[in-house]
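Chemist: fold the following.
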Amino acid sequence: MRLDKWLWAARFFKTRSLAAQAADRERVRVNDAAAKPAKELRVGDRVAMKQDGGPVRTVVVQGLSAVRGPAVVAQALYEETADSRSAREQAAEARRLAPEPAAALTQGRPSKRDRREIDKAGGGWQRWSASMDDH
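Modeler: This is a model prediction of the structure:
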């Protein structure tokens, strides 16, 4: 069975073309070797893939299916390695504990609440224009 079809059927990618693109960009490895989308996959093969900037996810092929079925059926097609699972859980925990990026913003457009506080303070809001800077 083709690698891109299996990745799509196992629900790692939303479309088969996205699975093929990932393989073309060498983000998918089969048995520690770079794999093309048409690579023949067999039960027992070890597939390592990098998705969405997260850690490398490694799975062992348990079954083959050319059709995309429900998630429960798709999860039966592979078994994730213990190392991969722990790395994914650690990355999720790190994302959860990371500071909110918007909290670091000190400049930019004021929120509705900020605008009301500016109006209450009597500072007023002045519109900025690039043409006004020239004068």
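
Chemist: for the residue most central in space within the chain, give me the pLDDT.
Modeler: Nearest residue to the geometric centre of the chain (C-alpha atoms, centre = their mean): residue 52, 2.7 Å. Note for residue 52: predicted pLDDT of 81.

Chemist: again with residue 14
Modeler: Looking at residue 14, the pLDDT reads 94.

Chemist: ok, how many other residues are close to it?
Modeler: By the measure other C-beta atoms under 10 Å, the count of residues near residue 14 is 10. (Each C-beta comes from the backbone N, C-alpha and C, glycine too.)

Chemist: how close does it get to residue 62?
Modeler: Shown here: residue 14 relative to residue 62, a distance of 22 Å by C-beta to C-beta, to the nearest Å.

Chemist: on that earlier part again, what about the residue nearest to the centre of the chain? Give its phi and psi, please.
Modeler: Residue 52 adopts backbone torsions of phi 50, psi 40, taken as degrees, to the nearest 10.

Chemist: give me the distance between it and residue 10.
Modeler: 16 Å.

Chemist: same deal with residue 112?
Modeler: 45 Å.

Chemist: who's more crowded, these two?
Modeler: Between residue 112 and residue 10, counted using other C-beta under 10 Å, the more crowded position is residue 10 (25 against 6).

Chemist: let me see the mean pLDDT of stretch 69-84.
Modeler: On average, stretch 69-84 scores 94.

Chemist: just the buried positions in the lengthiest helix in the chain, please.
Modeler: Scanning the chain for the longest helix, with DSSP state H as the assignment, gives helix 82-97. If you call a residue buried by 16 or more other C-beta atoms under 10 Å, then helix 82-97 has these buried ones: 84, 87-88.

Chemist: okay, now the unreliable bits of the chain?
Modeler: Residue ranges of the chain with pLDDT under 70: 105, 123-135.

Chemist: for it, just list every one of the strands.
Modeler: Per DSSP state E, the chain carries strands over the ranges 28-30, 33-34, 46-50, 56-61, 78-80.
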